[in-house]
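# give the three-dimensional model of this entry:
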Amino acid sequence: MEKNSNENEDQDLNNKPNQEINDLENQENSDQIEDQTPDEEKNGRLEAKLNEAYGKQDDLQNKYLRVHADLENLKKRSIKEREDAVQRTRSQLISDLLPIIDAFQMGLAEATKHNGASEIVEGFAMAMKQMQTTLDDYGLIVLEPEKEEFDPKFHEAINYEVNNDLEEGTVVKTIRCGYRLGDKLLRPASVILSKLEAEK
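Have a look, this model is predicted:
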């Protein structure tokens, strides 16, 4: 009896290591099963990450496009402001020159009345022509509207003259030239308009 009990103990001792090994293997297998996720779950996580990445890319691209558009607008605005500043300066400078041009033209007109001043007149005429050519290059347009219809945007009527050969309201004579720089009027032309003779 005692012998049987010893044999059972020995057998238990022999089986114990095997049991522990089996328990460890089972535990490892269950850990591996828990670590493994179904394909659908993996795909779902990958798709979510991919969508997140695409979302960030779209956001960055939108920010880039907005910044690029802002820079383009700033560049265009700077160019326009610079052009406007140049145009304002040019307009002011030429406006300041107009009385001087008038004075030269009146002096030239008076000088042509004297026979002995032909050389001086010729020299002044050449200088005036050169100045006019330079101002033309800058876009200055002279308004001398003889025989044209009166336009209140560019002409200033200072008097009327009876003239049955022209339609009433037509410019008969320009007393003082007007000037326009591009679309901007620097000075209206001072003109005399025709009117029909009153019936007796």
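# what about Pro152, which SS state?
coil (DSSP: H, G, I helix; E, B strand; the rest coil).
# Leu193 versus that one, what's the distance?
Distance from Pro152 to Leu193, counting by CB to CB, to the nearest Å: 11 Å. From N, CA and C alone the C-beta is placed, and that goes for glycine too.
# same check on Val172?
Relative to Leu193, and taking CB to CB, Val172 is found at 6 Å.
# ok, the nearest residue to Glu156 once chain neighbours are set aside - contacts?
In space, Glu156 comes closest to Pro188 once its chain neighbours are excluded; the distance is 4.2 Å by CB to CB, 6 or more residues apart in numbering. In this structure, Pro188 makes contact with 143, 154-156, 178, judged by CB atoms under 8 Å, 6 or more residues apart in numbering.
# which residue is nearest the middle of this protein?
In the chain, the centroid-proximal residue (CA atoms, centre = their mean) is Lys76; its distance is 2.9 Å.
# what pLDDT does it get?
As predicted, Lys76 sits at a pLDDT of 93.
# same question for Lys16.
At Lys16, pLDDT is 52.
# please parse this protein into its domains.
With domains defined by automatic domain parsing, the chain comprises 51-138, 141-200.
# deepest-packed of those, please.
Most buried of the domains of the chain by mean neighbour count (mean count of other CB atoms under 10 Å) is domain 141-200; its value is a mean of 15.
# dihedrals phi and psi, Glu146?
phi -60, psi 140 (degrees, to the nearest 10).
# strands along this protein, start to end?
Using DSSP state E, the strands found in the chain span residues 140-143, 155-162, 171-176, 178-181, 184-187, 189-195.
# can you redo those strands as CSV with distance to Asp59 and mean pLDDT?
Putting the strands of the chain into CSV (distance: least, CB to CB, whole Å; pLDDT from 0 to 100) gives the following:
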stretch, distance to Asp59, mean pLDDT
strand 140-143, 54, 92
strand 155-162, 60, 92
strand 171-176, 65, 92
strand 178-181, 49, 93
strand 184-187, 47, 92
strand 189-195, 61, 92
